[in-house]
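Engineer: predicted model and sequence below, questions to follow.
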Amino acid sequence: TICFNLFGAKDMVTNKSGIRIPISTSYKENVINLKKAIIKIALDFKYRKKLSEGAKEFAKKMTWDRNISILNDVYLKLASNKN
C-alpha cells in the first residue's frame with residue numbers, strides 16, 4: 001500500500017504494511033515522493049514481501065466483529081454518561 005499521510009490512511013497504514021508519503025505544500029514534491037515510493041516497492045522484492053505480510057496481518061485484525069465491538073463500547077460509554 002502506498003498512500004499520503006492523511007485522513008484514514010494515516011491511521012491504517014503503518015511502516016509494516018505500506019508506505020505513507022508525507023504531505024508537502026508543493027505539488028511537485030508530492031509527485032516526486034510518490035514516484036520514489038513506487039520505484040522503491042517495484043525494485044525491492046524483499047521489502048515488497050515484508051509490506052505484503054504486514055498488510056495481511058493488519059487485515060486479519062480488522063474484522064466486522066471487531067469494529068462492531070468497538071462501536072458498541074463507545075455507544076455504551078456515551079449512554080452511561082448521559083445522566
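Structural biologist: Done, it's in. All figures in this text were calculated on a predicted structure; none of them were measured in a lab. Residues are numbered from 1 along each chain as shown.

Engineer: so what touches the helix or strand that contains Asn33?
Structural biologist: Per DSSP states H and E: Asn33 is located in helix 27-43. Contact with helix 27-43 is made by 2, 4, 19, 21-24, 47-48, 51, as judged by C-beta atoms under 8 Å, 6 or more residues apart in numbering. Every C-beta, even on glycine, is put in place using the N, C-alpha and C of the backbone.

Engineer: most widely separated two among those residues?
Structural biologist: Ser24 and Arg48 (24.5 Å; C-beta to C-beta).

Engineer: least trustworthy helix or strand in this structure by mean pLDDT?
Structural biologist: Lowest by mean pLDDT, DSSP states H and E among the helices and strands of the chain is helix 9-12, with a mean of 78.

Engineer: the helix or strand just after that one packs against which elements?
Structural biologist: Of the helices and strands lying after helix 9-12 in sequence (DSSP H and E), the nearest is strand 19-21. Secondary-structure packing of strand 19-21 (3 or more C-beta pairs under 8 Å, 6 or more residues apart in numbering; DSSP states H and E): strand 2-4, helix 27-43.

Engineer: what strands line up against strand 19-21, and which way round?
Structural biologist: Applying DSSP bridges to the sheet, strand 19-21 is found paired with strand 2-4 (parallel).

Engineer: quick one: contacts of the partner strand?
Structural biologist: With C-beta under 8 Å, 6+ apart as the criterion, strand 2-4 contacts 9-10, 13, 18-23, 30, 34, 37-38, 41.

Engineer: kindly report the same for stretch 51-65.
Structural biologist: Under C-beta under 8 Å, 6+ apart, the answer for stretch 51-65 is 1, 12, 14, 16-19, 41.

Engineer: and the helix or strand encompassing Arg66, C-alpha only, in PDB?
Structural biologist: Assigned by DSSP H and E, Arg66 belongs to helix 64-80. Output in PDB follows, covering the C-alpha atoms of helix 64-80 (Å, rounded to 0.1, in the frame of the first residue of the first chain):
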ATOM      1  CA  TRP A  64     -16.500  -6.500  11.200                       C
ATOM      2  CA  ASP A  65     -16.900  -8.200  14.600                       C
ATOM      3  CA  ARG A  66     -14.000  -6.200  16.000                       C
ATOM      4  CA  ASN A  67     -15.300  -2.900  14.500                       C
ATOM      5  CA  ILE A  68     -18.900  -3.600  15.800                       C
ATOM      6  CA  SER A  69     -17.500  -4.300  19.300                       C
ATOM      7  CA  ILE A  70     -15.500  -1.100  19.300                       C
ATOM      8  CA  LEU A  71     -18.600   0.900  18.200                       C
ATOM      9  CA  ASN A  72     -20.700  -0.800  20.800                       C
ATOM     10  CA  ASP A  73     -18.200   0.000  23.600                       C
ATOM     11  CA  VAL A  74     -18.300   3.700  22.500                       C
ATOM     12  CA  TYR A  75     -22.100   3.700  22.400                       C
ATOM     13  CA  LEU A  76     -22.300   2.100  25.900                       C
ATOM     14  CA  LYS A  77     -19.800   4.600  27.300                       C
ATOM     15  CA  LEU A  78     -21.700   7.500  25.800                       C
ATOM     16  CA  ALA A  79     -25.100   6.200  27.000                       C
ATOM     17  CA  SER A  80     -23.800   5.700  30.600                       C
END
